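**Student:** curious how this folds, go ahead:
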Amino acid sequence: MADDGTPLTKPQMEALQRHNLYLFLIGAFEVLFPGRPLQKAPYLEAMCHALQEVANGRSPRLMISIAPRHLKSVCGSVLFPAFFLGHFPEKKVMVVSYGGDLAREHGGLFRRLVESPFYKRLFAMRIDPKHNRIEHMKTTKGGGRQAASLGGSVTGFGADVIIIDDLAKASDMQSEVIREQARTFFDQSLYSRLDNKAEARIVSIQQRLHQDDFAVYLLEKGTFHHLCLPSIAEIRQEIPLYRRPWIREVGDVLSPDREPRFVLEEIRKEIGNYAFQAQYQQDPAPGESQYLSMDDLHLVDAVPEMRHFVRFAQSWDTAVNDGPRSDYSVGLTFGWHEEEERWYLMDVVRERLKYPELLDRIRATRQRWRADKVLIENSALGAPALQELRRQESRTYSGVKPTDGKVERFVGQTDWIRSGQIVIPTDQPWYDTFRRELLQFPNATHDDQVDALTQFAALMRRRQGSYLDTDPVTGRRRGERRRE
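**Tutor:** Numbers count the residues shown, from 1 in each chain. Coordinates of the predicted model:
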């Protein structure tokens, strides 16, 4: 229906389907699954919109995480290649999955779609009859769709787009050998198949299955846009659609018609909380640790006006190197709210940095917030960084030497966190990653943010009064607060 409410003619609808992946899905579904009605839903439009951003070249790296049986493979492995080749028949698309049977199934659906009258009315792209195998179909313009599986040969076929659709079965993802095989296959085989790495596109459609699975390996590269669609929203999400954003509030169910809340809770009971958190919530770890829960955190929707903050302090946990499997260097910025008399977490820097970049980032972050106290762990990479930084501003930078283990240090500060001395805004882009790491400790893949928080909390428990009583310019005590 047009914007003015008048019905669209068939040519008008086909023109829209040619340029709108979601409308293309609506028309193609009857071709792919005759007699089966498509249940339209915002999450389908969200996936199509994100995939179309890839097709348009605006999002060269995309990760989609969603529960099984939500048409993610149909959208990513069947619909998207057909749509993309319809517009760019000279391009080459490689679709990779964990097994040959799955690859052939998706290839068969792709061929059914592109050979249908519906598709041929929309696009001029045609499959070359001399090259029409399920595993490898060529277009008459020299492009095509190549199917591959984990560990299989991908030599001899370049690609403009690589689509990775569940690179390992759910039952295999608990194996470190399989996880490492997936990582190696991507780095040493798949990535080298991209013809033009500056313009090439990669789409990964993965359900989360393990804390250290292939999905998190790609995400930690820092180049992928992540469309994460948990079955029950745990944070507020604003997800782009074609006309207006889709707002998911905390507790909203992804597909209430197909899987209402009570059905999801029954699934949780049947498969267990860990499996549910992984496959349905896209968070493969217990939602709460033995040390902290969501109820223990003091959250606000947004940071108050800046005029209320009179002091800023920072805490850095530095990593040894910047390799793809290394830890992160993390810098947390805290602001002291004068009226509420408590700390707000204002900013999080979480990056893999070489030593010169780390020094620059610490200096820039300190200058941006005008922090008068910067804590740096005095070990590994932090020791030389601290020495270098203190040459310029000895009063600002303080070294912290860890004594106890990570768990012991964290447990000792949990009551300070529960007491409301630290407030966390939920509207920040770093909030979800910070929250997950904090609640999953010590079982999270990384704990750098927790270490930086623990370091800050330990100092403020001991010396908050004297710190706040010290003049940030002269370093002298004002005498307005008692000494600890």
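
**Student:** quick check: buried residues in the longest helix seen in the chain?
**Tutor:** Identified as the longest helix of the chain according to DSSP state H is helix 448-469. By neighbour count with 16 or more other CB atoms under 10 Å, helix 448-469 contains the buried residues 448-460, 464, 467-469. All C-beta atoms are positioned from the backbone trio N, CA, C, and that covers glycine.

**Student:** for it, what is the average pLDDT?
**Tutor:** The pLDDT scores in helix 448-469 average 91.

**Student:** next: stretch 68-78.
**Tutor:** Stretch 68-78 shows a mean pLDDT of 93.

**Student:** span of that stretch from start to end?
**Tutor:** End-to-end distance for stretch 68-78: 16 Å, by CA to CA, to the nearest Å.

**Student:** pull out the buried residues from it.
**Tutor:** The neighbour-count check on stretch 68-78 (16+ other CB under 10 Å) flags 70, 71, 72, 73, 74, 75, 76, 77, 78 as buried.

**Student:** ok, stretch 189-204 next?
**Tutor:** Buried residues in stretch 189-204, defined by neighbour count with 16+ other CB under 10 Å: 189, 190, 193, 194, 200, 201, 202, 203, 204.

**Student:** try stretch 89-100
**Tutor:** 89, 91, 92, 93, 94, 95, 96, 97, 98.

**Student:** what about the helices in the stretch 251-400 of the chain?
**Tutor:** Counting by DSSP state H, counting those that start in this stretch, the stretch 251-400 of the chain has helices at residues 261-271, 273-279, 355-369, 382-390.

**Student:** off-centre distance for the shortest one?
**Tutor:** So that's helix 273-279. Mean C-alpha position of helix 273-279 versus that of the full chain (CA atoms, centre = their mean, to the nearest Å) differs by 17 Å.

**Student:** can you spell out which helices and strands pack onto it?
**Tutor:** Packed against helix 273-279 by the contact rule (3 or more CB pairs under 8 Å, 6 or more residues apart in numbering; DSSP states H and E) you find helix 261-271.

**Student:** how about the helix it packs on: buried residues?
**Tutor:** Neighbour-count burial for helix 261-271, counted by 16+ other CB under 10 Å, picks out 264, 267, 268.

**Student:** now the second one: closest residue in space that isn't a chain neighbour?
**Tutor:** Spelled out, that is residue 267. What sits nearest to residue 267 in space, not counting adjacent residues and going by CB to CB, 6 or more residues apart in numbering, is residue 276, at 6.3 Å.

**Student:** show me where the stretch 201-350 of the chain has strands.
**Tutor:** Using DSSP state E, counting those that start in this stretch, the strands of the stretch 201-350 of the chain run over 201-205, 225-229, 237-239, 246-248, 299-300, 309-317, 329-337, 342-351.

**Student:** would you turn those strands into JSON lines with distance to residue 443 and mean pLDDT?
**Tutor:** Formatted as JSON lines, the strands of the stretch 201-350 of the chain follow (distance: least, CB to CB, whole Å; pLDDT from 0 to 100):
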{"stretch": "strand 201-205", "distance to residue 443": "24", "mean pLDDT": "93"}
{"stretch": "strand 225-229", "distance to residue 443": "20", "mean pLDDT": "95"}
{"stretch": "strand 237-239", "distance to residue 443": "25", "mean pLDDT": "94"}
{"stretch": "strand 246-248", "distance to residue 443": "26", "mean pLDDT": "96"}
{"stretch": "strand 299-300", "distance to residue 443": "22", "mean pLDDT": "94"}
{"stretch": "strand 309-317", "distance to residue 443": "18", "mean pLDDT": "95"}
{"stretch": "strand 329-337", "distance to residue 443": "18", "mean pLDDT": "96"}
{"stretch": "strand 342-351", "distance to residue 443": "18", "mean pLDDT": "96"}
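
**Student:** kindly provide the distance from the residue nearest to residue 267 to residue 391.
**Tutor:** Applying CB to CB, to the nearest Å, the value for residue 276 to residue 391 is 53 Å.

**Student:** and residue 242, how many neighbours?
**Tutor:** Neighbour count for residue 242, taken as other CB atoms under 10 Å: 13.
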